[in-house]
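Q: Pasting the sequence and the predicted model now:
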Amino acid sequence: MALTGAEILIRCLQEEGVEYVFGYPGGAVLNLYDELFKQTRIKHVLVRHEQGAVHAADGYSRSSQKIGVAMVTSGPGVTNAVTGIATAYMDSVPMVIVTGQVPTSAIGQDAFQECDTVGITRPCVKHNFLVKDVANLALTVKKAFYLATTGRPGPVLVDIPKDVSQATAEWSYPKAVTMRSYNPVTRGHAGQIKKAVQLLLEAKRPMIYTGGGVVLNDAAESLTRLVRLLGYPCTSTLMGLGGFPGTDPQFTGMLGMHGTYESNMAMQHCDVLLAVGARFDDRVIGNPAHFYRADRKIIHIDIDPSSISKRVKVDVPIVGYVRDVLDEMVKLVESSPPRAGAAEVKAWWTEIKAWQAKDCLRYDHSKTVIKPQHVVEKLYEITGGDAFVTSDVGQHQMWVAQYYRFDKPRRWINSGGLGTMGFGLPAAMGVQLVNPGATVACVTGEASIQMCIQELSTCKQYHLPIKIVNLNNRYMGMVRQWQEFFYGNRYAESYMDALPDFVKLAEAYGHVGLKVERPGDVEGALREAFAQKERLVFLDFITDQTENVFPMVPGGKGLTEMILAEEL
Amino acid sequence: MRHILSILVENEAGALSRISGLFSARGYNIESLTVAPTEDPTMSRMTIVTSGSDDVIEQITKQLNKLVEVVKVVDLTDGDHIERELMLVKVRAAGKDRDEMKRLTDIFRGRILDVTDKSYTIELTGTGAKLDAFLQAIEPGVILETVRTGASGIGRGERILRI
């Protein structure tokens, strides 16, 4: 049966079980939109800006085990989407982006709304395709889904010229696809796994450090089993939060630039470090030269060989899906005789407890001004620690990571790698759509939220009852903090003047707005907002302007060179 | 350290730019890069001469392998290998230079491909070092034009790169 390219694409998406496409129409995708219009299986979510479409598809992927799909038009549609694509790429989020392109005959002619889509997106996708012949379209879409979801996941883009979506070809959709040039190693090496377990069982000062790979590979259960079996301390990167329960006594809190004192100290002073689906990046270990210790052995499990020994030399590399490797390790530990030298581990825990006693996340409460940390703590309480929380980027993001103790994976949705302001609200739309009925909060700041504020309109159209928690300190808080610490209090362009009245703004979009100015009103306002199950509520918390995020490892410094609140 | 990487890659539009883009994006060196289809027209073979510490070369290899269109990567400098580069040089060949150029070409086992009253065009094949040596041996003033292909390499004996 011969179908048009547009029909083929929609059928491919149906075959892949796609429920939602986030997008924005335009000239080059009109054929595709016409086919979307003629069917009912795939629902389209019309965003207000292409960046929002990609972030929404991203949030959809991150908060489920499904794959987000975005569709945008050529030229400006694509360039607007690039921030979203790069965001997903940096955090290894599986996603398929379908873009329209000018007709093949017009490519290279500087046609209206033409841009070199595969060229522009090449460095920020796992892979991309320009489909020049409709006969290859179905196979290309199959490859796109296969590439996005296997190995180290990531966004894959399919660029479809308008004449290709119009031309016809016989319909057939392959059940599976293999590519001779793409064979990621997925099974960890048995000998290496054995070596790792042996090392772990002989450790005197062991530490387990987990990252986003645990969440992406759905390895939280396996990880939790291993950590509890071993009884060792466990920390997590920003991206890994929820991979191990945040309320577990073995969890020492997030590590890194704004990590806890105890986690950073333990990372530095351990003798065996197990890294699981994490990549030792600059925000996590600070200066690699300072981090280096000759007497520390490092085991690193990761699906991506290029993440291993990139910034830190590793002693036992294990390439494979982290879940399978962790399961193998659990089996080996279970069948091993009880470890000798348990007393040494006990002494190590005593040391860690002493670091914990510093209580590095303590902050001064106030009766007159709202402390942002207090808002997050109350949010945690009121949502029972069980909400999906998205965030933008900056101080508020760090406070959520520090004070909202995620017990489950895929609940904490934020842009860790690229650090994209404007991510939180559109991501929350995707989260809410794939988790209908769930509590979804977007914690943001007055600077970040304005970067994709237009999506309030999308939320209205699709009745998405997201709760926006705006920590409004009238500053780009993290920029201000760096200026205070490192630029002699010269607050260059970090003050947000002429802010909108967020309550009225929310109302103008058809939502509920609440302004909260007194510490005593925080809890009541949150309760009132979360009681409104059917409505989006925009909570504008006027917070302490001078609050900083502690502890802090200044950029380029070593992990133990932390600035603590009490030291200032 | 100088390394010669041999890469089998799908013969597809964009593959070259993915590879060169990887080098520029991550700040790796390319001293030379040559590429052409193999006996199997769906596949191209690329030779990249690069330099860096062992750690950097390890990263380059891993990053190349991560590209979806790359089928195989081998560091030829890991073992015995043969390396050849082709150079065409146009030199001034008039008066006393004319005989001297002919003699030098013979010594370097080159060939003169084109002759005019005033110039020779010389073909020379060898390692990059040999070509450098030839250029150093002749007076800089007589060189009118040079073009080099960059190195191609292959493993010695049973070292074979194929899928």
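A: Noted; the coordinates are in hand.
Q: and residue 116, backbone torsions?
A: Looking at chain A here, since you left the chain open. The phi/psi pair for A:D116 (degrees, to the nearest 10) reads phi -80, psi 80.
Q: please go with chain B instead
A: phi -130, psi 180.
Q: counting contacts, what elements does the helix-or-strand element of chain B with minimal mean pLDDT pack onto?
A: When the helices and strands of chain B are scored by mean pLDDT, DSSP states H and E, helix B:96-107 comes last with a mean of 93. Where contact means 3 or more Cβ pairs under 8 Å, 6 or more residues apart in numbering or on different chains; DSSP states H and E, helix B:96-107 is packed against strand B:111-115, strand B:119-126. C-beta here means a position set from N, CA and C on the backbone, and glycine is covered the same way.
Q: Does A:L157 touch A:Q101 like I think?
A: No: using Cβ atoms under 8 Å as the test, A:L157 is too far from A:Q101 to be in contact (10.8 Å).
Q: ok, the two, which is more surrounded?
A: Taking neighbours as other Cβ atoms under 10 Å in any protein chain shown, A:L157 and A:Q101 compare with A:Q101 leading, 31 against 28.
Q: mind listing what the more buried one touches?
A: A:28, A:74, A:107, A:114, A:117, A:130, A:159-162 (Cβ atoms under 8 Å, 6 or more residues apart in numbering or on different chains).
Q: A:P519 is nearest to which of the helices and strands packed on helix B:96-107?
A: Smallest distance to A:P519 across those (Cβ to Cβ): 79.6 Å, for strand B:119-126.
Q: which residues sit against the closest one?
A: Residues contacting strand B:119-126 (Cβ under 8 Å, 6+ apart): B:84-94, B:98, B:101-102, B:105, B:108-115, B:130-131, B:134, B:144.
Q: and the helix or strand following it, what does it pack onto?
A: Remark: after strand B:119-126, the chain's next helix or strand is helix B:128-137, criterion DSSP states H and E. Applying 3+ Cβ pairs under 8 Å, 6+ apart, we find helix B:128-137 packed against strand B:81-92, strand B:119-126, strand B:143-148.
Q: Give the buried residues for the longest one.
A: Looking back up the chat, that one is strand B:81-92. Across strand B:81-92, burial judged by 16 or more other Cβ atoms under 10 Å in any protein chain shown covers B:81, B:83-92.
Q: In the stretch 151-300 of chain A, which residue sits nearest chain B?
A: Of all residues in the stretch 151-300 of chain A, the one sitting closest to chain B is A:S181 (4.4 Å; Cβ to the nearest Cβ).
Q: Correct me if wrong: that residue contacts B:I7.
A: No: A:S181 is beyond contact range of B:I7, at 10.8 Å (criterion: Cβ under 8 Å).
Q: Report the secondary structure element holding the closest residue to chain A within chain B.
A: Relative to chain A, the nearest point of chain B is B:K62 (3.8 Å; Cβ to the nearest Cβ). Assigned by DSSP H and E, B:K62 belongs to helix B:54-66.
Q: Which pLDDT value goes with the spatially most central residue of chain A?
A: For chain A, the residue nearest the mean C-alpha position is A:N414 (4.1 Å; Cα atoms, centre = their mean). A:N414 carries a pLDDT value of 98.
Q: Flag every residue of chain A that's near chain B.
A: A:118-119, A:122-123, A:126-127, A:130, A:147, A:152, A:179-182, A:304-306, A:309-310 (Cβ under 8 Å from any Cβ of the partner chain).
Q: Got a quick ChimeraX command for the buried subset of those?
A: With 16+ other Cβ under 10 Å as the burial test, the buried ones among these are selected in ChimeraX as follows:
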select /A:118,122,126,127,130,147,152,181,182,304,305,306,309,310
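Q: Now do the contacts for the residue lying farthest from the centre of chain B.
A: Residue farthest from the centre of chain B, counting by Cα atoms, centre = their mean, is B:G95 at 33.2 Å. Residues counted as contacts of B:G95 (Cβ under 8 Å, 6+ apart): none.
Q: Look up the closest residue to A:I10, ignoring the ones flanking it.
A: Once flanking residues are discounted, A:I10 sits nearest to A:E35: 4.5 Å by Cβ to Cβ, 6 or more residues apart in numbering or on different chains.
Q: where does that neighbour land in three-state SS?
A: helix (DSSP: H, G, I helix; E, B strand; the rest coil).
Q: How is the chain divided into domains?
A: This is for chain A. What automatic domain parsing lists as the domains of chain A is A:2-170, A:190-356, A:372-549.
Q: could you do chain B instead?
A: When chain B is parsed into structural domains using automatic domain parsing, the resulting residue ranges are B:2-78, B:82-152.
Q: Counting neighbours, what do you get for the residue lying closest to A:K408 once chain neighbours are set aside?
A: Among residues not flanking A:K408 along the chain, A:G242 sits closest, at 5.3 Å (Cβ to Cβ, 6+ apart). Applying other Cβ under 10 Å, we find 21 residues neighbouring A:G242.
Q: now do A:P103
A: With other Cβ under 10 Å as criterion, A:P103 counts 16.
Q: residues in chain B within reach of chain A, list them.
A: Within chain B, the positions near chain A by Cβ under 8 Å from any Cβ are B:9-10, B:13-14, B:17-18, B:21, B:25, B:55, B:58-59, B:62-63, B:65-66, B:68-71, B:163.
Q: how about the helices of the stretch 1-150 of chain A, start to end?
A: Under the criterion DSSP state H, counting those that start in this stretch, the stretch 1-150 of chain A contains helices at A:5-15, A:30-37, A:50-62, A:76-90, A:117-121, A:137-149.
Q: and among those helices, the most buried is which?
A: Mean neighbours per residue, mean count of other Cβ atoms under 10 Å in any protein chain shown, is largest over the helices of the stretch 1-150 of chain A for helix A:50-62, with a mean of 31.
Q: three-state assignment of the residue of chain A found nearest chain B?
A: Proximity of chain A to chain B (Cβ to the nearest Cβ) peaks at A:S306, 3.8 Å away. At A:S306 the chain is in helix, as set by three-state DSSP.
Q: before we move on, what about A:V345?
A: Per three-state DSSP, A:V345 ends up helix.
Q: Find me the pLDDT at it, would you?
A: Taking A:V345 on its own, its pLDDT is 96.
Q: same thing with B:I143?
A: 96.
Q: what pairs with it across the strands?
A: B:V91 (DSSP bridges).
Q: Who are the contact partners of it?
A: Taking Cβ under 8 Å, 6+ apart as the criterion, B:I143 is in contact with B:89-92, B:135.
Q: now A:P372
A: A:P372 neighbours (Cβ under 8 Å, 6+ apart): A:395-396, A:399, A:471, A:473, A:541, A:543-544, A:547.
Q: can you give me how far stretch A:208-227 is from the chain middle?
A: Mean-position distance between stretch A:208-227 and its chain equals 15 Å (Cα atoms, centre = their mean, to the nearest Å).
Q: Mind listing what's buried along it?
A: Buried residues in stretch A:208-227 (16+ other Cβ under 10 Å): A:208-217, A:219-220, A:222-227.
Q: pLDDT of that stretch, averaged?
A: 98.
Q: Quote the end-to-end distance of that stretch.
A: Taking Cα to Cα, to the nearest Å, stretch A:208-227 runs 8 Å from one end to the other.
Q: With adjacent residues omitted, what lies nearest to A:G510?
A: A:K460 (4.5 Å).
Q: give the contact list for the one you found.
A: A:509-511, A:536.
Q: give the contact list for the residue nearest to B:S32 when sequence neighbours are not counted.
A: Closest residue in space to B:S32, ignoring its immediate chain neighbours: B:G150 at 2.9 Å, by Cβ to Cβ, 6+ apart. Residues counted as contacts of B:G150 (Cβ under 8 Å, 6+ apart) are B:31-34, B:47, B:49, B:85.
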